[in-house]
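Engineer: Sequence first, then the predicted structure:
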Amino acid sequence: MGRSKFVYITYIRTTPQKLWDALTKPEFIGQYWWPAGTMLESEWTPGASWTMRFADGRIADVGEILEIDPPRRLVLKWRNEIMPELKAEGFVRGVFELQQDGDCVRLTVTHTMDIDNAKLIEGVSFGWPIVLSSLKSFLETGIPMLGVHLPDAAVRRAT
């Protein structure tokens, strides 16, 4: 599925359950997500909706839980709500796979979209490295990486 694709793989020194909790529980998400204070809201059950909100309450993204197999796999239907040109492209499929690898967990994040050169895929390819680097830092050291200097245009796109 998908003519536009983004794949990001990182290894995090943690357990699958701790990583799963960091990906799905509000008390963790707001600590490492960029921009700071962003929250994900969902019941985390198949068919449930999910919403991403910025700290100021604006809805950033929405979607649906397509598959959930804690703490191994999460599949989301995902649409950007902030930028009209991204919203117009429709939904992307986001897959999160967690696999134990020694004392680390291999996290693979894949987004696919059935259109060529999707701007939404370009957007997630900018955002995920920041969010996942902050998540890795948060889980391994207790300190998120929220002080990243970003170009002004990138900040305007995300906030």
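Structural biologist: Yes, it's here. What you see is a predicted model; the values in this text were computed from it and never measured.
Engineer: mind listing the strands for this protein?
Structural biologist: Secondary structure of the chain (DSSP state E): strands at 4-12, 39-42, 49-53, 59-69, 73-80, 92-101, 104-113.
Engineer: residues touching the residue nearest to His111 when sequence neighbours are not counted, list them.
Structural biologist: In space, and not counting its chain neighbours, His111 is closest to Phe6: 4.6 Å by CB to CB, 6 or more residues apart in numbering. From N, CA and C alone the C-beta is placed, and that goes for glycine too. Phe6 makes contacts with 109-112, 121, 124-125, 128, as judged by CB atoms under 8 Å, 6 or more residues apart in numbering.
Engineer: Which of those residues are buried, as a PyMOL select command?
Structural biologist: Selection of the buried residues among the contacts of Phe6 in PyMOL, burial being defined by 16 or more other CB atoms under 10 Å:
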select buried, resi 109+110+111+112+121+124+128
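Engineer: Could you dump the contacts of Phe6 into CSV with pLDDT and distance to Thr24 added?
Structural biologist: Below are these laid out as CSV (pLDDT from 0 to 100; distance: CB to CB, whole Å):
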residue, pLDDT, distance to Thr24
Val109, 98, 14
Thr110, 98, 17
His111, 97, 18
Thr112, 97, 21
Ile121, 95, 23
Val124, 91, 18
Ser125, 91, 22
Trp128, 92, 16
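Engineer: farthest-separated two in the contacts of Phe6?
Structural biologist: Largest separation among those by CB to CB: Thr112 and Trp128, giving 13.5 Å.
Engineer: quick revisit: show me the one of the strands of the chain that comes nearest Ser134.
Structural biologist: Across these, closest to Ser134 is strand 4-12 (CB to CB), at 11.2 Å.
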